[in-house]
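*Asks:* Would you be able to build a 3D model of this:
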Amino acid sequence: MPIEFTHIPGKTADAAVPFFYDFAETATKLGLIEDGGFQKIVVDDSAGLLTNMDLASQVLNRTASLEVVLTHWAGVIDPTVAARQLASIDRESGGRLALRMISEPLNDDDAETRPVGHGVVWQRIDEYLVLLKRLWSNDRPFDHEGAFYSIKGGYVPRKGPHGADLVIRMGGQSGTALKVAGRHADLFELAPGSIDDIRQLMERARGAAAEYGRAGKLRFALPVRIHQGVSAAGHKAVDLSGPPAQVALSLLAYAALGIDEFMVVGVDRPHEIATVGRETMALLRNSLARREADAPQLGRFISRERGPQAANRGPS
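*Replies:* Residues are numbered from 1 along each chain as shown. The predicted structure follows:
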């Protein structure tokens, strides 16, 4: 599968206005992002989950091929309501929605009835995702009584194109987070670090997925910050700078680990979007294509070289 690129919006040139503040201007940038070679865009507005859902719908309505990675967390709305809204967005977009689940602290009301902690947060995410998938696939209403959610007659009459196979993106580094991601995630968002750190986290994530028979299904995304003048703020990423060829070479080293997607931060001005798409992303894709083209030729060369030697040795 070829490398994909996801745009993570930061701030505009004045470093104060959010990417989605002026949607007329945003629509122009979305066109540049789509035409520049990005396959996806993250919607993660500070206004919250419901705003994210509205923005996701607007982005999908104003683009033809971009997939929207909708940042989402448990505990804000009822799972049945969320399942219906997400199915509707996915259906109206023709299947261009992915769900990016992040952890959020439990609210004060929850704290009164149960201890708030890291493990509890991830237990709720686990139950929430189980319910979403069940609601996206069930053919009749069901009841559910769990640690965090109670549902009577849960049912989503109009499923999205993906049904229960809507792409789920997750991350994390603790054993608890990895266990939940191993059960549910289709794509694992890696944490920044050295190549060795990233390799080790990939191995841990695969190990967690293997417990559920999903090791071969898990794909990986790495956030990278490409410095083009003033960089975006508010996102952690692997920092890269320099000419496009140098940045592409750096990305090539990470791609060799088996990373399927780069989540690009710091590229928000129109000329930055165009330059990264036209030069950095194109250089990386061309380099990977050449490697793939050379690999079969190298294999045939090795086979030809080994053939006569094997024949001269005769039977063992």
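
*Asks:* Okay, now the sheet partners of the strand with the most length in the chain, with direction.
*Replies:* Across the chain, the strand with the greatest residue count (assigned by DSSP state E) is strand 219-226. Applying DSSP bridges, strand 219-226 is found paired with strand 187-189 (parallel), strand 238-240 (parallel), strand 261-265 (parallel).

*Asks:* so where's this protein shaky on pLDDT?
*Replies:* 1, 11-16, 105-116, 228-236, 295-316 (pLDDT under 70).

*Asks:* all helices of it, in order?
*Replies:* Ranges of helices within the chain are 23-35, 49-61, 79-92, 108-113, 118-137, 175-184, 195-210, 244-255, 270-275, 282-313, based on DSSP state H.

*Asks:* Quick one: distance of the first one to the chain centre.
*Replies:* Spelled out, it's helix 23-35. Relative to the chain's own centre, helix 23-35 is displaced by 20 Å; criterion: Cα atoms, centre = their mean, to the nearest Å.

*Asks:* same question, the second one
*Replies:* Between the mean C-alpha location of helix 49-61 and the chain-wide mean there is a distance of 17 Å, by Cα atoms, centre = their mean.

*Asks:* Could you check it and say which residues are buried?
*Replies:* Judged by neighbour count (16 or more other Cβ atoms under 10 Å), helix 49-61 contains these buried residues: 49, 52-53, 55-60. In short, each C-beta sits where N, CA and C put it, glycine included.

*Asks:* The fifth one now?
*Replies:* Across helix 118-137, burial judged by 16+ other Cβ under 10 Å covers 120-136.

*Asks:* Same check on the first one?
*Replies:* If you call a residue buried by 16+ other Cβ under 10 Å, then helix 23-35 has these buried ones: 26, 29-34.

*Asks:* for those, which one is nearest Ala293?
*Replies:* Glu34 (27.3 Å; Cβ to Cβ).

*Asks:* partner residues bridging Glu189?
*Replies:* Gly171, Ala221.

*Asks:* What's the separation between it and Leu222?
*Replies:* 8 Å (Cβ to Cβ, to the nearest Å).

*Asks:* What of Val68?
*Replies:* To Leu222, Val68 is 20 Å away according to Cβ to Cβ.

*Asks:* what does Gly207 give?
*Replies:* From Gly207 to Leu222 the distance is 19 Å (Cβ to Cβ).

*Asks:* Looking at these two, which is more packed in?
*Replies:* Neighbour tally, Gly207 and Leu222, criterion other Cβ atoms under 10 Å: the higher count belongs to Leu222, 24 against 12.

*Asks:* Hmm, the more buried one is touching Leu187, no?
*Replies:* No: using Cβ atoms under 8 Å, Leu222 makes no contact with Leu187, being 11.0 Å away.

*Asks:* what residues do these two have in common as contacts?
*Replies:* Glu261 (Cβ atoms under 8 Å, 6 or more residues apart in numbering).

*Asks:* Now distance to Gln246 too, for the strands paired with strand 219-226, in a markdown table please.
*Replies:* Listed next are these as a markdown table, based on distance: least, Cβ to Cβ, whole Å:
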| stretch | distance to Gln246 |
| --- | --- |
| strand 187-189 | 25 |
| strand 238-240 | 8 |
| strand 261-265 | 15 |
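
*Asks:* highest average neighbour count across the ones you listed?
*Replies:* Among the strands paired with strand 219-226, ranked by average contacts under mean count of other Cβ atoms under 10 Å, first place goes to strand 261-265 (a mean of 25).

*Asks:* CA atoms only for that one - export them in PDB, please.
*Replies:* Taking Å, rounded to 0.1, in the frame of the first residue of the first chain, the C-alpha atoms of strand 261-265 are listed here in PDB:
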ATOM      1  CA  GLU A 261       0.800   7.300   6.800                       C
ATOM      2  CA  PHE A 262       2.400  10.600   7.800                       C
ATOM      3  CA  MET A 263       0.300  13.100   9.700                       C
ATOM      4  CA  VAL A 264       1.700  16.500   8.600                       C
ATOM      5  CA  VAL A 265       1.700  19.400  11.100                       C
END
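
*Asks:* tell me the angle that strand makes with helix 244-255.
*Replies:* Put simply, strand 261-265 runs at 130 degrees to helix 244-255, going by axes from the mean of the first three to the mean of the last three Cα atoms, to 10 degrees.

*Asks:* Pull the residues that contact strand 261-265.
*Replies:* Counting by Cβ under 8 Å, 6+ apart, residues outside strand 261-265 touching it are 3-8, 10, 38, 40, 42, 187, 189, 219-226, 231-232, 235, 237, 251, 254, 276.

*Asks:* what's the distance between that strand and the middle of its chain?
*Replies:* On Cα atoms, centre = their mean, the centre of strand 261-265 falls 9 Å from the chain's centre.

*Asks:* Wait, Thr63 touches Phe38, no?
*Replies:* No: using Cβ under 8 Å as the test, Thr63 is too far from Phe38 to be in contact (10.2 Å).
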